[in-house]
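Engineer: Sequence and computational prediction follow.
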Amino acid sequence: MGGGPAETTNSSSEFSDYCIVSEVSRVKLLYSKSKVYVYRSMHKKDRIPGFICVVQGPDDQYYIAWTPEALMSEHDRESYVQVELCPSFFDESTGRRDTTGDGAQVSLSMLSEDGGILVSTEPLHQAGTISSVSSYAFCKPVGEILSLLIHPPSLTQWYGSVIINLADGSSLAPMWFHDEESASTMLGMTRHWGGDELLVWLAHAVSIERSIDDPNRYEVQGSKSPHIILSRSATPSASTMLPAHSTFSSPTPLASPPQAQAPKAASVDIIDSAIQGNMDPLMQQVKELRWGILERFSRITRTVKDAATSFIETPVGRQVAPYIPPALSSLSRAQSASGNLVKEYESARIYLAKWAARHIIDQQHEDGERESRLAAGDKHGSQGNSHLSIWEEWISENGDLGAFEVVNTDRSARLPQPIRTRPALSAEQWFSFFEPKATDGDNSEFRLVADSDTVRRAIFAGGIEEDMRPVVWKYLLSIYPWDSSESERKSIDKHNSEEYWNLKDAWLSDPELKETRDHIEQSDRIEKDVLRTDRTLPLFATDSVYGGSDEANLSEHGLPGSNASLEQMKDILMTFHYYDKGLLGYVQGMSDLLAPIYSVYQDEPTTFWAFASFMKRMRSHFARDQSGMQDELATIAQLIEIANPKLFSHLEKCDASNMFSCYRWLLIWFKREFSFENILRLWEVLWTDYLTDRFVLFVALAILQRHADVIMDHLQSPEEVLKYVQDLSDTIDLNDALKGAEMSFYKIRYRVHVVEEIRKERGLSLFVSSSSSSDEGQATEAASSKSKSKSKSPVVEKTRPSAQGDSEVPLITFEWDESENNSSQGTPAVAVAVVGSAVNETLSTGEASGNDQAVAKTSLAQSVPALGPSGVTSNLPEISEAVHNIFAHGYKL
Amino acid sequence: MYNRNYSSRRYTYIKAIILGDSGVGKTSLMHQYVRNTFSTQYKATIGADFMKKDVDLGDGRVADVSCWDTAGQERFQSLGVAFYRGADCCILCFDVTNLRSFDNLESWRDEFLIQVGPRDPESFPFVVVGNKIDMEGKRAVSQKRAMEWCAAKGNIPYFETSAKKDINVEDAFRTVVRNAMDQETEADIYNDFPDPIRIDADDQDSQACAC
């Protein structure tokens, strides 16, 4: 423990005094570095971030100062960052500050006449006053420094540190340079950790020499008057900023005062070499790698293409951390792997991951904006390929597909264009689906005439306008049959209402029942959960009738207050508990599922029936043995394996392939991850079951795909994956996720189909049955009952453009052409056909030319050596029954 | 003059699981402990979540603690296995105003031991936390009763806490972390780096049971 520094951190009297006397409140800020921390203790919360800076006072003296962020005004902080970002602010030839350079967008009020940036002295002033935080702040004339102890980042200490020893024998608290958090590093503007730069800056003001005894110590030489030893390069404003008496400095290079020049030049050399030499070469490499990653991430913002090509393919993007552990053993200083070191890397890794994730989030929005611009421009024109282009990268994600190499034809295969994003279903459009009201009004049945596929497709593509939700949801939730007449619907409503009140009355008016342990427990549980559900919405905010103040309620019952809506929700859930009792009853999480429905109806009976219908499909998630969730998680795992084998194997390596990280996402359908408004949109899309009734899994997959690179590059344990995934909450762009989900669906469907075709060709079972032992005969039989398995030639066919021209969706149909079977090549016919169709995109009749087949055979042989003439391969991917079933319903579009 | 002063610090990773009935305040306890905050806006925990905290025990040992907060409905216990795995200690929580939550401690503890399967269940580091003592008027479980139960289960340390008023929360966690550290032996890692300057004597070593 260093003894001295603690007591001596807060004497800043000189500067303060000076400022008061001269009544000048602003000083010139010459150098600044953000995120320089003083640690009050080992606790993270006791680490105080601040700025280290070099300022020039009105007396032309140079000062070194450290100011906690917390003490700075927003305005000041901006200028500190400005200076940090423009460290090479000085034009050496003119000795003037270049205020026109990049990043020099400083507001006029902050500029002095000669272009220097002025900051208020207030934070500097406060040094050594008030709070415990400010007691660490200091501002010292540079000349008072006796020496500096500088420890660059090393393998045992990720952050570099600087300790200033003063001429009076005291020391200032160590300053830790969290360089990766600092603005200049974030923007990729510097390769320095900060302490080195600071040293060079100080060397401008005073002469500094490296100690012979202690290589980490730099001793300040000579006079306390900085003017005498200011060299040319250190006198930014030599001719303009400094008053006339400072004629020691010269604006021309190499013309500095002789008495200062010699030691100065020497010392700078010493310092430069010292800094270079001081950083462990390995550390240098690690840091360099880190910069490499940061730079690469910054490219992500530019284009998706960059991300796909340069980032994915370069090994630099892999990981910094793996370089560390083996290197550690060779370190003589560290005897064994240091727990702290590992931990520092862990936090650095998560930090980097989140930093990178921000770019993904930006990218989502960028894509969204581009898309809406395109959509706007396309309104009356063709909605052609430009629309798709954004998503091409998504589809054509290249690279090592591992076992799925065999189906790596997606890029050239014509996958359908996504049908997202259309405008939300409007009242006008909705009623156009109905038969016209008869003019006499008497015998009108007002049935839906459009088939349910059309309606569901429209909702899948764009959702529903808010005011149409109450009625359309009743169809989606099977309260109204699709072909019901108006009178039937009325009678359904009436019956449902009566039924609900009966159900509710049954428990409400049964005093004995209410005394049972089950009732008391459930009602407690429901109350606790309801009072914790979406309380930030005005609809669910504590009101005066049922609530009062939360504070009073909390001390009274330990729960926040209630309101009228929540009281209704409680009754609905209690009624549901009895309605569903034999099966499930109330389970935690259901209140989350109820709230969005309630918000749309705000009426007990309707909400109840809509909820009960929703619960039919969600029931398995809440099964006592958790089998439903296990199945969901296993299925999402396999979908990842098919869509992105690299990601999957990384998750396996992390011990995270059980996908528990997605548990919350799936259990309550992303309720906690999106805004309330977006949940309404997401759920109505999911309720359409348009592509599959398990579309929620594809949404999860799409989000993971967006973040696949970050996950693979930065996350190494199940905890890290869980944290990262759960922290994505509120950062996900819904439309991006839905569109990605749709694309993933098409892509995986294609891959699964190809694999199943090959398996069929080889007489293998189509999928791995969930009961594990694969009875081939049975499986094939099961499969053939589900699909027409006559032969195997997938054929790409273009659909006719629809009348409106807005639904030019190419279909993949699979026609069964016996003649293909006669192909006498050794290669399985199906594989040829697949690649053939991929190579020849315009193939429309199923007749591949001989040429195409030849090409196909070559490419197939190259990409899949395992698929030899024997047709026997060990690495053909296995498809689980669950995944098989998702796509077993044929190719609906 | 600042001296570089090297000292050995032991750095240990500790996984702590917070268990107990729904609504007893598990999430609040965790937030109070890790972040020193309390909110009336917590939501029922779905699945599991965790937060990390460095704990300096003041005797040269530092723990990197991850606190796992789990869903309180027993329905989700079968899922718990995945999250319990590798647990070093366990905080059993009940609500002093809710007798049932106290009665259920037994099954929370048993279930936990079955799933984690520690070598020596009798000495596994548990701590029992009776939360919500700020609602004294509503108390349904007496201190005596809780302490008797703890004594019968192999002298589990017992703390009465208020996550809301920040009473005893730090002590309860610190105790169970310390006990977990005491069980960690050979796996310790010695680290060699300079102590930071410490101005605040922040290792006020509050000893166990405040009751």
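Structural biologist: Received it, and whenever you're ready, just let me know what you need. Residues are numbered from 1 along each chain as shown, chains lettered A, B, ... in the order given.
Engineer: Name the residue of the stretch 151-300 of chain A that lies nearest to chain B.
Structural biologist: Closest residue of the stretch 151-300 of chain A to chain B, CB to the nearest CB: A:S171 (4.2 Å). C-beta here means a position set from N, CA and C on the backbone, and glycine is covered the same way.
Engineer: what bridges to that residue?
Structural biologist: On the basis of DSSP bridges, A:S171 is bridged to A:N165.
Engineer: Okay, strands next: where are they in the chain?
Structural biologist: If you meant another chain, say so; for now it's chain A. For chain A, applying DSSP state E gives strands covering A:26-39, A:47-56, A:62-68, A:90-91, A:96-97, A:117-120, A:138-141, A:145-151, A:160-166, A:175-177, A:207-210, A:217-221, A:793-797, A:811-815.
Engineer: that's the wrong chain, I wanted chain B
Structural biologist: Under DSSP E, chain B gives strands at B:6-20, B:48-56, B:61-70, B:89-95, B:126-131, B:158-160, B:189-194.
Engineer: orientation of the third one relative to strand B:89-95 in degrees?
Structural biologist: With axes from the mean of the first three to the mean of the last three CA atoms, to 10 degrees defining the directions, strand B:61-70 sits at 50 degrees from strand B:89-95.
Engineer: Establish whether strand B:61-70 and chain A are in contact.
Structural biologist: Yes. Judged by CB under 8 Å from any CB of the partner chain, strand B:61-70 and chain A are in contact via B:V62, B:D64, B:S66.
Engineer: Need the pLDDT of the residue lying closest to A:I526 once chain neighbours are set aside.
Structural biologist: With sequence-adjacent residues excluded and distances taken as CB to CB, 6 or more residues apart in numbering or on different chains, A:I526 is closest to A:L573, at 4.8 Å. Listed pLDDT for A:L573 reads 97.
Engineer: what does A:F89 give?
Structural biologist: 43.
Engineer: Then A:L111?
Structural biologist: So A:L111 comes in at 41 (pLDDT).
Engineer: Flag the shaky bits of chain B, pLDDT-wise.
Structural biologist: Within chain B, the segments meeting pLDDT under 70 span B:1-11, B:76-80, B:185-211.
Engineer: hey, which helix is longest across it?
Structural biologist: When chain B is parsed with DSSP state H, its longest helix is helix B:169-183.
Engineer: Surely the residue of the stretch 151-300 of chain A closest to chain B touches A:V162?
Structural biologist: No. Between A:S171 and A:V162 there is no contact under CB atoms under 8 Å: 11.1 Å.
Engineer: just to revisit the earlier point, what about the residue of the stretch 151-300 of chain A closest to chain B, how many residues nearby?
Structural biologist: Other residues near A:S171 come to 24 when the count uses other CB atoms under 10 Å in any protein chain shown.
Engineer: re the thing from before, in JSON lines, list the residues of strand B:61-70 next to chain A along with neighbour count.
Structural biologist: Shown next, in JSON lines, are the residues of strand B:61-70 next to chain A (neighbours: other CB atoms under 10 Å in any protein chain shown):
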{"residue": "B:V62", "neighbour count": "22"}
{"residue": "B:D64", "neighbour count": "19"}
{"residue": "B:S66", "neighbour count": "19"}
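Engineer: Can I get those in CSV including distance to B:D49?
Structural biologist: Below are the residues of strand B:61-70 next to chain A laid out as CSV (distance: CB to CB, whole Å):
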residue, distance to B:D49
B:V62, 23
B:D64, 17
B:S66, 10
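Engineer: quick one on the thing from earlier: got the strands of chain B as JSON lines, with distance to A:L686 columns?
Structural biologist: Converted to JSON lines, these look like this (distance: least, CB to CB, whole Å):
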{"stretch": "strand B:6-20", "distance to A:L686": "33"}
{"stretch": "strand B:48-56", "distance to A:L686": "24"}
{"stretch": "strand B:61-70", "distance to A:L686": "27"}
{"stretch": "strand B:89-95", "distance to A:L686": "36"}
{"stretch": "strand B:126-131", "distance to A:L686": "38"}
{"stretch": "strand B:158-160", "distance to A:L686": "45"}
{"stretch": "strand B:189-194", "distance to A:L686": "48"}
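Engineer: tell me the contacts of the spatially most central residue of chain B?
Structural biologist: Centroid check for chain B by CA atoms, centre = their mean gives B:F173 as the closest residue, at 3.8 Å. For B:F173, the contact set (CB atoms under 8 Å, 6 or more residues apart in numbering or on different chains) comprises B:A16, B:Y33, B:V55, B:V65, B:C67, B:I91, B:V127.
Engineer: Pull up the residues of the stretch 501-650 of chain A that are close to chain B.
Structural biologist: Going by CB under 8 Å from any CB, the residues of the stretch 501-650 of chain A near chain B are A:521, A:524-525, A:528-529, A:532-533, A:535-536, A:550-551, A:554-560, A:587-589, A:591-592, A:622, A:624-626, A:629.
Engineer: Give me the buried entries from the residues you listed.
Structural biologist: The neighbour-count criterion (16 or more other CB atoms under 10 Å in any protein chain shown) marks A:524-525, A:528-529, A:532-533, A:535, A:550, A:554-555, A:557-560, A:587-589, A:591-592, A:622, A:626, A:629 among those as buried.
Engineer: Which of these fall in helices?
Structural biologist: A:D524, A:R525, A:K528, A:D529, A:D550, A:L554, A:S555, A:H557, A:S591, A:D592, A:M629.
Engineer: The third one against B:V24, yeah?
Structural biologist: No. The pair A:K528 / B:V24 is not scored as a contact, 9.6 Å apart, by CB under 8 Å.
Engineer: Roughly how far does the residue nearest to A:I526 sit from chain B?
Structural biologist: 13 Å (CB to the nearest CB, to the nearest Å).
Engineer: Might you report the residue contacts of that residue?
Structural biologist: Counting by CB under 8 Å, 6+ apart, A:L573 has contacts A:I526, A:V530, A:Y586, A:M590, A:S591, A:L594.
Engineer: any idea how far chain B is from the residue lying closest to the third one once chain neighbours are set aside?
Structural biologist: With CB to CB, 6+ apart as the measure, A:H577 is the residue that lies nearest to A:Y586, at 4.2 Å, once sequence neighbours are left out. Using CB to the nearest CB, one obtains 13 Å as the distance from A:H577 to chain B.
Engineer: quick one: contacts for A:W473?
Structural biologist: A:I464, A:I597, A:V600, A:A610, A:E684, A:W687.
Engineer: Format those residues as a markdown table; extra columns: pLDDT, neighbour count and distance to B:T40.
Structural biologist: Listed next are those as a markdown table, based on pLDDT from 0 to 100; neighbours: other CB atoms under 10 Å in any protein chain shown; distance: CB to CB, whole Å:
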| residue | pLDDT | neighbour count | distance to B:T40 |
| --- | --- | --- | --- |
| A:I464 | 96 | 25 | 34 |
| A:I597 | 98 | 25 | 25 |
| A:V600 | 97 | 16 | 26 |
| A:A610 | 98 | 25 | 29 |
| A:E684 | 97 | 24 | 31 |
| A:W687 | 97 | 23 | 33 |
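Engineer: of those, closest to A:L738?
Structural biologist: A:L738 lies nearest to A:E684 out of the contacts of A:W473, by CB to CB, at 11.2 Å.
Engineer: Might one say that the closest one is in contact with A:E465?
Structural biologist: No. A:E684 is beyond contact range of A:E465, at 10.6 Å (criterion: CB under 8 Å).
Engineer: what about A:A183, neighbour count?
Structural biologist: 17.
Engineer: In this structure it contacts A:P49, no?
Structural biologist: No. Using CB under 8 Å, A:A183 makes no contact with A:P49, being 11.7 Å away.
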